[in-house]
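**Student:** Predicted coordinates and the sequence they were generated for:
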Amino acid sequence: MTVTDLIASYDPALAPDPAAGAVSWRDLPAAQQPDWPDQAALAAVMADLGTYAPLVLPEESDRLRRRLAAVARGEAVLIQGGDCAEAFGGTSERQVRAKLTTLDQMATVLSAAAGLPALRIGRIAGQYSKPRSNPTEVVDGIELPVYRGDSVNGAAFDPVARTPDPERLRQAYHSSAVTLNLIRALTGGPESEDVYTSHEALILDYEAALTRRDSHTGRLYAGSGHLLWIGERTRQPGGAHLAFAAQVDNPVAVKLGPSATADEALALIDLLDPEREPGRLAFITRMGAGRIHEVLPELVAKVTASGAQVAWVCDPMHGNTFTSPSGHKTRRVADVAAEAEGFLDVHRELGTHAGGFHLEFTGEYVTECVGGTDEVTLQDLPDRYESTCDPRLNRGQALDLVFSLAEKYRSA
Ligand SMILES: O=C[C@H](O)[C@H](O)COP(=O)(O)O
Ligand SMILES: C=C(OP(=O)(O)O)C(=O)O
Ligand SMILES: [Mn+2]
């Protein structure tokens, strides 16, 4: 079998309809894809994934669309978060339980402060792939491919670990399944509230291999998670990531950084939410504490004026990263809080709904971000810095943040 045949065997659901003039994401440029050294090995793993059960079902994604519609309409708040990069070694009950407990506590505080029900979505059970600023990194004069998430290569700085290995995509599926099994066990039962899963839809071969057509409705659904988002580095108009997101019926989100224009936002709505259905599309803005007041109002005002009802979500993490003197990527809790509060201010001034927050956090007492009541200083960073990509709020810092936001809601 040729590699082309193998590819055809793993994403038949996404095959374009030539009669409709449709274009496949495969015909478009895809940013941030790994340089897999062995294409036949990639295609063989993908062919297997194409036969595996989806991790989530269409009716669950549809239910999340309805829950997200309430956020878009101003009837609920969203708390979305988890690791920057999940690790294959991070699927123990203790770790998953700690993340869920923290997410739940944040949701409880935010819900009480906003006086609205809270929707909980983890960056969990699939957040294994990372876009990077540079394709390689140099340490002590040695240049190696950059770490792109456990689904692609290993974080250890050695040539074997850093070589992209498609078997890791199979492991990403299994680690997602183990995590999701724990989530369902820990939150299950007809009386408990739902927790949904989300991750960045980055590695399109993986996402395509897990996309299924719902036999009841004929609609396409990504089976890798309930909500998928397209990142700031892969949202190019005419790019493969947006084309893929447009094809599936899951709720989708797009990250918008400080360079995003209102025209770009409107074009994204036309592409991803042509029917203007609340709950289909969320914009996750990540402007930086210093830019939010300057850039967010025009985006929100023009999107609102267009009549579209998207869910507005604030990611106060990715615009506030800096490198410490010790060489650690870090963020100040104060900057994170300032951007989150700025987001509430902007929406209050415009009379629009501040839909919620997208955070990088973990349930444990890591030392990756600085500040907080139980203060982590720049000197403390090496003590327990475990993230393989971006710095996460520890449990105390995550709760400090939502309590400061609760104060802000109360003083409004
Ligand atoms: O979460 C993501 C990071 O911000 C992204 O991977 C870029 O990180 P880098 O600038 O260290 O490559
Ligand atoms: C890479 C990420 O974010 P962004 O696309 O906003 O940079 C992320 O969420 O980890
Ligand atoms: Mn990140």
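**Tutor:** Sure thing, it's come through. Ligands and ions are numbered 1, 2, ... in the order given.
**Student:** only C-alpha atoms for contact and neighbour calcs from this point on.
**Tutor:** Fine.
**Student:** any idea how far whichever residue of the stretch 1-150 of the chain sits closest to ligand 2 lies from Leu64?
**Tutor:** The nearest approach of the stretch 1-150 of the chain to ligand 2 comes at Cys84, 4.9 Å away (C-alpha to the nearest ligand atom). According to C-alpha to C-alpha, to the nearest Å, Cys84 and Leu64 sit 22 Å apart.
**Student:** what about the nearest residue to Leu378 once chain neighbours are set aside, neighbour count?
**Tutor:** Nearest non-adjacent residue to Leu378, counting by C-alpha to C-alpha, 6 or more residues apart in numbering: Val370, 6.3 Å away. Close neighbours of Val370, defined as other C-alpha atoms under 10 Å, add up to 25.
**Student:** How much space separates Val370 from ligand 3?
**Tutor:** Distance, Val370 to ligand 3, by C-alpha to the ion, to the nearest Å: 16 Å.
**Student:** so what pLDDT did that residue get?
**Tutor:** At Val370, the pLDDT value in this model is 98.
**Student:** Repeat that for Leu220.
**Tutor:** In this model, Leu220 carries a pLDDT of 96.
**Student:** who's in contact with it?
**Tutor:** Applying C-alpha atoms under 8 Å, 6 or more residues apart in numbering, we find Leu220 in contact with Ala13, Thr211, Arg212, Arg213, Asp214, Gln247, Val248, Asp249.
**Student:** so who does the fourth one touch?
**Tutor:** Applying C-alpha under 8 Å, 6+ apart to Arg213 gives the contacts Ala13, Arg219, Leu220, Tyr221.
**Student:** Could you dump these into JSON lines with secondary structure added?
**Tutor:** Formatted as JSON lines, these follow (DSSP: H, G, I helix; E, B strand; the rest coil):
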{"residue": "Ala13", "secondary structure": "helix"}
{"residue": "Arg219", "secondary structure": "coil"}
{"residue": "Leu220", "secondary structure": "strand"}
{"residue": "Tyr221", "secondary structure": "strand"}
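**Student:** hang on, the earlier thing: verify the stated contact: the residue of the stretch 1-150 of the chain closest to ligand 2 with Glu368.
**Tutor:** No - using C-alpha atoms under 8 Å, Cys84 is not in contact with Glu368, being 11.6 Å away.
**Student:** and the contacts of Leu220, which of them are in strands?
**Tutor:** Thr211, Arg212, Arg213 (DSSP state E).
**Student:** of these, closest to Leu242?
**Tutor:** Thr211 (15.1 Å; C-alpha to C-alpha).
**Student:** chain center to the host helix or strand of Leu296, what's the gap?
**Tutor:** Assigning secondary structure by DSSP states H and E places Leu296 in helix 292-305. Helix 292-305 sits 22 Å away from the centroid of its parent chain (C-alpha atoms, centre = their mean, to the nearest Å).
**Student:** can you give me the strands in the stretch 251-400 of the chain?
**Tutor:** Ranges of strands in the stretch 251-400 of the chain, per DSSP state E, counting those that start in this stretch, are 252-256, 281-285, 311-314, 322-323, 329-330, 356-360.
**Student:** Can you tell me which of those is nearest to ligand 2?
**Tutor:** strand 252-256 (5.3 Å).
**Student:** Run me through the strand neighbours of the closest one, direction for each.
**Tutor:** Here strand 252-256 is paired, per DSSP bridges, with strand 227-230 (parallel), strand 281-285 (parallel).
**Student:** Unless I misread the structure, Leu144 falls within a helix.
**Tutor:** No - under three-state DSSP, Leu144 falls outside any helix and is assigned strand.
**Student:** So what's the residue count around it?
**Tutor:** Leu144 has 18 nearby residues by other C-alpha under 10 Å.
**Student:** what's the answer for Pro391, then?
**Tutor:** If we define neighbours as other C-alpha under 10 Å, then Pro391 has 30 of them.
**Student:** heads up, I number from 129, so please use that
**Tutor:** Fine by me, first position is 129 from now on; the one you just mentioned is Pro519.
**Student:** Does it touch Lys457 like I think?
**Tutor:** Yes - using C-alpha under 8 Å, Pro519 is in contact with Lys457, at 6.3 Å.
**Student:** Now for those two: what residues contact both?
**Tutor:** Taking C-alpha under 8 Å, 6+ apart as the criterion, Pro519 and Lys457 both touch Glu496.
**Student:** Please report the distance of the residue in the chain that ligand 3 sits nearest to from Ser515.
**Tutor:** Distance from ligand 3 to each residue of the chain (C-alpha to the ion) is smallest for Cys212, at 4.2 Å. Separation of Cys212 from Ser515 (C-alpha to C-alpha) stands at 8 Å.
**Student:** Looking at the two, which one has more neighbours?
**Tutor:** Cys212 (26 against 18).
**Student:** mind listing what the more buried one touches?
**Tutor:** Each residue near Cys212 by C-alpha under 8 Å, 6+ apart is listed here: Arg251, Gln255, Glu488, Phe489, Ser515, Cys517, Asp518, Pro519, Arg520.
**Student:** so which of those also contact ligand 3?
**Tutor:** Asp518 (C-alpha under 5 Å from the ion).
**Student:** Go ahead and confirm Leu308 touches Gln255.
**Tutor:** No - counting by C-alpha under 8 Å, Leu308 does not reach Gln255; the two are 12.0 Å apart.
**Student:** per-residue pLDDT, Lys227?
**Tutor:** 98.
**Student:** How about it: what's its closest non-neighbour residue?
**Tutor:** In space, Lys227 is closest to Gly491, 4.4 Å off (C-alpha to C-alpha, 6+ apart).
**Student:** tell me the pLDDT at that neighbour?
**Tutor:** pLDDT, Gly491: 96.
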